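# Sequence below, structure please.
(chains A and B)
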2 protein chains.
Amino acid sequence: MDTPNKGARTRSEIVRRAAPLFNQHGFEGTSLSELMAATGLKKGGIYRHFSSKEELALEAFDYAWEQAAAGRLAGIREVPDCVDRLKMMIDNFVEKRAGLVPGGCPLLNTAIDSDDGNPALRSRARIAMQRWTNRISAIVSEGIHKRQIDAKVNPRKLSQIIISSLEGALMIGRIQGNDVALQNAREHLDHYLEQNVRAASGKSRRVRAS
Amino acid sequence: MDTPNKGARTRSEIVRRAAPLFNQHGFEGTSLSELMAATGLKKGGIYRHFSSKEELALEAFDYAWEQAAAGRLAGIREVPDCVDRLKMMIDNFVEKRAGLVPGGCPLLNTAIDSDDGNPALRSRARIAMQRWTNRISAIVSEGIHKRQIDAKVNPRKLSQIIISSLEGALMIGRIQGNDVALQNAREHLDHYLEQNVRAASGKSRRVRAS
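Predicted coordinates for the structure are as follows:
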């Protein structure tokens, strides 16, 4: 029998190996035989650790999302200016330093897959979206507090605009097979952040500095 | 045997009934038995009209996309001002006057589905995206020519910004189960079109008129 530690290690190894399958093929599209091949385990070996395919899919989504979020937020804490912090998050997204699980953005994949599919996965995606929006909103609110961001900016609305533009551009890029749309979205958002989001005092400081 | 006319009618009826299945469940996720149930035909009755499931899926995509495009572009020809024309297209998109085939935007669905799936479908989606971008670009170019739109605006880039924002907001809306993100994208785009796209002469005319 597994020791508790070994059991936990095996469990997270299963999640790590299942994540690319669910992220690429969706919940319905991922078969037990693929899961067995990817993990090198038999059915009983997998279901000793998970009560159902759904439980495994939910943890695989969380894992894939954590990887994506960590990549997108990488290094931004060290940036003192909140507008620059937003721009760095956008850079991370566009340049895919994200270290994404194969299959691309798990939120985009799950949004479509769960549309007619699994309610538990949809709810997991909703929580991930909420948390990402909250993270961006918190940066905007901090920026307003520090007078780096115009007080008229609505943190939640701005967060959604950034996420919509990036995820939409990612979708276009998948169809076109290039990242022209992503580069274009970055240019648009950077310009918008400088023109409509950065506080007037921040702008003049930047002009003086340059 | 079907007369040529009856054959053509049956063929398009099959496409019309298959479209919601492919749009909701994807290419792999749509089974022959579902296609038979939706069309009321047996396997032979379907494959008398189509050489393969792929051929049917491609025509079903084109049908679903035509419905979406017609809804989004509805009424815009009658609008004389090109910025207002763009805003009307955005309104159509947001308010889903579009009369979409069940399952939502076929481009968004196919972008994800074809990611690891069918190359022929992916190429069909690429063509649809290209045409939609061209339609919007043509409105922008006409607006520049008529001095309704600032000559500094890049028609293709603006088209992609509009499409990215709307499709991304649609994706967020699916996860959240509401259209807050879509309303928010409309507000953002409307503001952007007035501030950064409408030609200065057009702006002053509007101010005088109000």
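# Let me know the helix or strand that the residue nearest to A:Ile149 when sequence neighbours are not counted is in.
The shortest distance from A:Ile149 to any non-neighbouring residue, by Cβ to Cβ, 6 or more residues apart in numbering or on different chains, is to A:Gly143 (3.3 Å). C-beta coordinates here come from the backbone N, C-alpha and C atoms, glycine included. Using DSSP states H and E, A:Gly143 sits within helix A:119-145.
# Next secondary structure after that helix?
Sequence order places helix A:155-176 as the next helix or strand after helix A:119-145, per DSSP H and E.
# so what does that following helix touch, helix or strand wise?
Contacts defined by 3 or more Cβ pairs under 8 Å, 6 or more residues apart in numbering or on different chains; DSSP states H and E place helix A:155-176 against helix A:82-95, helix A:106-113, helix A:119-145, helix A:180-192, helix B:106-113, helix B:119-145, helix B:155-176, helix B:180-192.
# measure the closest residue to chain B within chain A to A:Leu189 for me?
Closest residue of chain A to chain B, Cβ to the nearest Cβ: A:Gly168 (2.8 Å). Going from A:Gly168 to A:Leu189 by Cβ to Cβ, to the nearest Å gives 12 Å.
# Same question for A:Glu142.
From A:Glu142 to A:Leu189 the distance is 18 Å (Cβ to Cβ).
# quick one: which of these two has more around it?
Neighbours were counted for A:Glu142 and for A:Leu189 using other Cβ atoms under 10 Å in any protein chain shown; A:Leu189 has more, 23 against 14.
# Hmm, that one is touching A:Ser165, no?
Yes: A:Leu189 lies in contact with A:Ser165 (Cβ atoms under 8 Å); the separation is 5.8 Å.
# what are the C-alpha coordinates of stretch A:54-71, in CSV please?
Taking only C-alpha atoms (Å, rounded to 0.1, in the frame of the first residue of the first chain), the coordinates of stretch A:54-71 have been written out as CSV:
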residue,chain,number,x,y,z
GLU,A,54,-15.2,14.5,-13.0
GLU,A,55,-13.1,14.8,-9.8
LEU,A,56,-9.9,14.3,-11.8
ALA,A,57,-11.0,16.7,-14.5
LEU,A,58,-11.8,19.4,-11.9
GLU,A,59,-8.3,19.1,-10.3
ALA,A,60,-6.7,19.0,-13.8
PHE,A,61,-8.5,22.3,-14.6
ASP,A,62,-7.3,23.9,-11.4
TYR,A,63,-3.8,22.7,-12.1
ALA,A,64,-3.8,24.0,-15.7
TRP,A,65,-5.3,27.3,-14.5
GLU,A,66,-2.7,27.7,-11.7
GLN,A,67,0.1,27.3,-14.3
ALA,A,68,-1.6,29.9,-16.6
ALA,A,69,-2.2,32.4,-13.8
ALA,A,70,1.3,32.0,-12.4
GLY,A,71,2.8,32.7,-15.8
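# I'd guessed the residue nearest to A:Ile149 sits against A:Pro80; true?
No: distance between A:Gly143 and A:Pro80: 10.7 Å, which falls outside the contact criterion (Cβ under 8 Å).
# out of the two, which sits in the more crowded spot?
A:Gly143 (26 against 9).
# per-residue confidence for the residue nearest to A:Lys96 when sequence neighbours are not counted?
Closest residue to A:Lys96 in three dimensions, ignoring its sequence neighbours and counting by Cβ to Cβ, 6+ apart: A:Gly71, at 7.5 Å. According to the model's per-residue confidence, A:Gly71 sits at a pLDDT of 91.
# Run a quick neighbour tally on A:Gly71.
16.
# Isn't it up against A:Asn92?
Yes: with contact defined as Cβ under 8 Å, A:Gly71 counts as touching A:Asn92 (6.1 Å).
# how many neighbours does the residue nearest to A:Ile172 when sequence neighbours are not counted have?
Once flanking residues are discounted, A:Ile172 sits nearest to A:Ala181: 3.9 Å by Cβ to Cβ, 6+ apart. Counted by other Cβ under 10 Å, the residues lying close to A:Ala181 total 28.
# Touching, A:Ala181 and A:Glu167? I think so.
No: using Cβ under 8 Å, A:Ala181 is not in contact with A:Glu167, being 11.0 Å away.
# Run through chain A and note the low-pLDDT ranges.
Judged against pLDDT under 70, the low-scoring parts of chain A cover residues A:1-2, A:97-99, A:113-117, A:202-210.
# Report the contact partners of the nearest residue to A:Arg198 once chain neighbours are set aside.
Closest residue in space to A:Arg198, ignoring its immediate chain neighbours: A:Val83 at 4.7 Å, by Cβ to Cβ, 6+ apart. For A:Val83, the residues meeting the contact criterion (Cβ atoms under 8 Å, 6 or more residues apart in numbering or on different chains) are A:Gly143, A:Gln148, A:Ile149, A:Leu193, A:Glu194, A:Val197, A:Arg198, A:Gly202.
# same check, this time on A:Ile14
Contacts were defined as Cβ under 8 Å, 6+ apart; by that measure A:Ile14 touches A:Thr39, A:Leu41, A:Ile46, A:His49, A:Phe50, A:Leu56.
# ok, 7 Å please
Applying Cβ atoms under 7 Å, 6 or more residues apart in numbering or on different chains, we find A:Ile14 in contact with A:Thr39, A:Ile46, A:His49, A:Leu56.
# Whichever of those end up buried, select them in ChimeraX.
Applying 16 or more other Cβ atoms under 10 Å in any protein chain shown to these leaves a buried subset, and the ChimeraX line that selects it is:
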select /A:39,46,49,56
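# Let me have the contacts of A:Ile14 in TSV, extended by distance to chain B.
TSV is the format used below for the contacts of A:Ile14 (distance: Cβ to the nearest Cβ, whole Å):
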residue	distance to chain B
A:Thr39	19
A:Ile46	22
A:His49	26
A:Leu56	19
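# could the contacts of A:Ile14 be laid out in CSV, adding secondary structure?
Converted to CSV, these look like this (DSSP: H, G, I helix; E, B strand; the rest coil):
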residue, secondary structure
A:Thr39, helix
A:Ile46, helix
A:His49, coil
A:Leu56, helix
